[in-house]
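Q: This is the structure alone, sequence omitted:
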């Protein structure tokens, strides 16, 4: 299979790029599967300083200072130390991985490695299951690793400091002693928040809503309604006075409203990812914390199916986000339907 240069996953708000060369890769809405070749690893020998940087990783720049990323990891174990891992990398010699790995005794286990020039190597948990949930979290310059067999009750693995720099996060497959390894990452999720009691074993799963609506207009017209300022102002909120849209990854957006000629509430944020005509990830800044909405646009039944998805930190945020998305998609549908009649 040809390797895509950039991989985008549902629920992950940034594009991912390769470090290393996989043999095969398969990515769909639910699962990422990476197969790596022989003698591949990320490790710096703590005794000798010998560097091995042949592991196959798929990485993207984390867009927030605080975040949590989770995945359910399964591995086709063949040789000792075969693994699938969540990884974070600040620089080539400052990185860490949380791996689902097979031991020399042929026992699946959770292993963590933190590298600051040289690596440490610590076994954390033996797993009596065919898969394990792994969690990577960042708070300021510190990181935390957790693991779970059911995605509900979590085992604290370690808490450590790497640095304040921006980081890349993602997924790694390795086969240090073998001829290759295949690892799958399912139920991948990202949330711009972190559990602050790291030793609490009952981290609740993130809340998520998905709202879909079929719009009676071609995809390019619907995309324009979301990305062209004049069109956007015609329907978004109904009271938009000025609209600024810098539609590119890292670009800012802002809507200033007016009520009866008087200045109203301003809404603003940034775009985390943009794929022309297909994907739009918008972050909105609020006093209580930024929210991230993932929009996808697909051809459907002569029109366009628009999906809005958001991971939330509370039931209040979930219900507010769901209602907001339903209102927005209804307003956009009315707008493009009116355009169609002209």
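A: Here it is on my side, so go on. Every value quoted in this text rests on a predicted model; they were computed, and no experiment measured them.
Q: drop to CA atoms for contacts and neighbour counts, all remaining ones
A: Will do.
Q: Residue 41 against residue 53, yeah?
A: Yes - counting by Cα atoms under 8 Å, residue 41 does reach residue 53; the two are 5.9 Å apart.
Q: The two - which one has more neighbours?
A: residue 41 (24 against 14; other Cα atoms under 10 Å).
Q: Please, which helix or strand holds residue 248?
A: In this assignment (DSSP states H and E), residue 248 forms part of neither any helix nor any strand.
Q: and it, how far is that from residue 15?
A: 13 Å (Cα to Cα, to the nearest Å).
Q: Now for these two: what residues contact both?
A: residue 273 (Cα atoms under 8 Å, 6 or more residues apart in numbering).
Q: Only the buried residues of stretch 170-180, if you could.
A: For stretch 170-180, a neighbour-count test (16 or more other Cα atoms under 10 Å) marks 170-176, 178, 180 as buried.
Q: Stretch 18-29 now?
A: Buried-residue list, stretch 18-29, by 16+ other Cα under 10 Å: 18, 21-23, 25, 27.
Q: same check, this time on stretch 82-94
A: For stretch 82-94, a neighbour-count test (16+ other Cα under 10 Å) marks 82-90, 93-94 as buried.
Q: next one: stretch 185-196
A: 185-186, 188-195.
Q: Figure out how far it is from the centre of its chain.
A: Stretch 185-196 sits 7 Å away from the centroid of its parent chain (Cα atoms, centre = their mean, to the nearest Å).
Q: repeat for stretch 212-231
A: Worked out by Cα atoms, centre = their mean, stretch 212-231 lies 25 Å from the chain centre.
Q: where does the stretch 151-300 of the chain dip in pLDDT?
A: In the predicted model of the stretch 151-300 of the chain, residues 237-241, 259-264, 287-288 satisfy pLDDT under 70.
Q: what about the strands in it?
A: Assigned by DSSP state E, counting those that start in this stretch, the stretch 151-300 of the chain shows strands spanning 155-161, 168-174, 181-191, 207-215, 240-245, 252-259, 262-275, 279-284, 291-300.
Q: what's the last one in contact with?
A: Judged by Cα under 8 Å, 6+ apart, the contacts made with strand 291-300 from elsewhere in the structure are 11, 13, 192, 214, 218-219, 223, 277-285, 304-312.
Q: Drop anything exposed from those.
A: 11, 13, 192, 214, 218-219, 223, 277, 279-284, 304-312.
Q: give me the number of residues near the residue lying closest to residue 53 once chain neighbours are set aside?
A: The shortest distance from residue 53 to any non-neighbouring residue, by Cα to Cα, 6 or more residues apart in numbering, is to residue 42 (4.7 Å). Each residue near residue 42 was counted by other Cα under 10 Å, and the total is 23.
Q: again with the one 5 residues further on
A: Counted with other Cα under 10 Å, residues neighbouring residue 47 total 9.
Q: would it count as being in a strand?
A: No - read with DSSP: H, G, I helix; E, B strand; the rest coil, residue 47 is coil and lies in no strand.
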